[in-house]
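Asker: any chance you could fold what I've pasted below:
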Amino acid sequence: MTEYTLKGVKVGLPEWLKDTKIEAKLASGDYEGRESTAALKRIKPGWKVLEIGAGLGYVTTICAQAAGAENVTSLEANPQMLDQIRDTLARNGQKNVNLWHGAVVGDSHVGDTVAFRAGALFWGGGLVADGRSEKDMVEVPATRISDLLAIVQPDFVMMDVEGAEQHLFEQDWPKCVRHVVMEIHMAKYPKHVLKHMVDCMSRSGLTYDPATSSGRTLGFMRVRPPKPEATI
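Answerer: The predicted structure is shown next:
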């Protein structure tokens, strides 16, 4: 297994990902660069961190180093990536991360599982739309976003779910969340869906964060309401 080091984090590349775009990103140092930088800018020691979509476990490790591994909960839907994530965490001394297998779904989802297409590359995976037939489709555990937020009560949320983010903003988010960093996938939904997600964040007391936003990476930060002016 070839090992790459990015921002001091060791990542082993499994043989089935050799000679792919993912290896090229690792070799150039560009792999998940925006997300890792955003995590380093905002996460503080002791914060509760929720990562939705772990990939190779690189950003998971960055979050664990910043907050403490025991404070990080990471979910990955693709079953073929779980051993790889554990390997990355072990290489970097972060085994105490809470790694869950499953997909995060909207609150309106019915059932305890959801169809997931693993994809030839892990970042090609995603939830399968109703009525679609996929050869590599598997059923994975489903966790509703409001339930997940209530369980973890995160200060910081990192999200990269290949378009499934469009379903996770049906309800306002809780006040415990201070920062959200997400990769948006505009090819997978119309512009009004993005507006819906941004409006949800605004109603939840979160606004655009220029320090963690770049390209397809969109960051939000909690805004405290202004103090009332003193009356004489």
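Asker: let me know the next secondary structure element after the helix or strand bottoming out on mean pLDDT in the chain.
Answerer: Taking mean pLDDT, DSSP states H and E as the measure, the chain has strand 126-127 as its least confident helix or strand, at a mean of 51. Next in sequence after strand 126-127, counting helices and strands by DSSP states H and E, comes strand 137-144.
Asker: low pLDDT regions in this protein?
Answerer: 119-136, 230-232 (pLDDT under 70).
Asker: let's check: the centremost residue of the protein is which one?
Answerer: Centroid-nearest residue in the chain: Met159, 2.3 Å away (criterion: Cα atoms, centre = their mean).
Asker: excluding residues flanking it in the chain, which one is nearest Glu76?
Answerer: Spatial nearest neighbour of Glu76, excluding adjacent residues (Cβ to Cβ, 6 or more residues apart in numbering): Ala54 at 4.2 Å. Any C-beta I mention is one placed from the backbone N, CA and C, and that applies to glycine too.
Asker: measure the one you found to Asn98 for me?
Answerer: Going from Ala54 to Asn98 by Cβ to Cβ, to the nearest Å gives 11 Å.
Asker: find the residues that touch each one of those two.
Answerer: Common contacts of Ala54 and Asn98 (Cβ atoms under 8 Å, 6 or more residues apart in numbering): Ser74.
Asker: ok, those two, which is more surrounded?
Answerer: Higher neighbour count among Ala54 and Asn98: Ala54, with 29 against 15, using other Cβ atoms under 10 Å.
Asker: the more buried one contacts Ile85, doesn't it?
Answerer: Yes - Ala54 lies in contact with Ile85 (Cβ atoms under 8 Å); the separation is 5.0 Å.
Asker: joint contacts of these two?
Answerer: Shared contacts of Ala54 and Ile85, defined by Cβ under 8 Å, 6+ apart, are found at Thr60, Ser74, Glu76, Leu99.
Asker: which of the residues you listed has the most neighbours?
Answerer: Neighbour max across the shared contacts of Ala54 and Ile85 (other Cβ under 10 Å) = Thr60, 29 neighbours.
Asker: check contacts around that residue.
Answerer: Thr60 neighbours (Cβ under 8 Å, 6+ apart): Glu51, Ala54, Val72, Ser74, Ile85, Thr88, Leu89, Gln94, Val97, Leu99.
Asker: next one: phi and psi at the residue nearest to the centre of the chain?
Answerer: Note on Met159: backbone dihedrals following degrees, to the nearest 10 are phi -140, psi 130.
Asker: quick one: contacts for it?
Answerer: Glu51, Ile52, Gly53, Glu165, Leu168, Val180, Val181, Met182, Glu183 are the contacts of Met159 under Cβ under 8 Å, 6+ apart.
Asker: next one: the lengthiest helix in the chain to chain centre, how far?
Answerer: Secondary structure of the chain read by DSSP state H shows that its longest helix is helix 191-203. With Cα atoms, centre = their mean, to the nearest Å as the basis, helix 191-203 stands 18 Å off its chain's centre.
Asker: one more: stretch 158-169?
Answerer: Its chain's average C-alpha position is 8 Å from that of stretch 158-169, according to Cα atoms, centre = their mean.
Asker: with stretch 22-30 instead?
Answerer: Chain-centre distance of stretch 22-30: 19 Å, with Cα atoms, centre = their mean.
Asker: report the buried residues of that stretch.
Answerer: By 16 or more other Cβ atoms under 10 Å, the buried positions in stretch 22-30 come out as Ile22, Lys25, Leu26.
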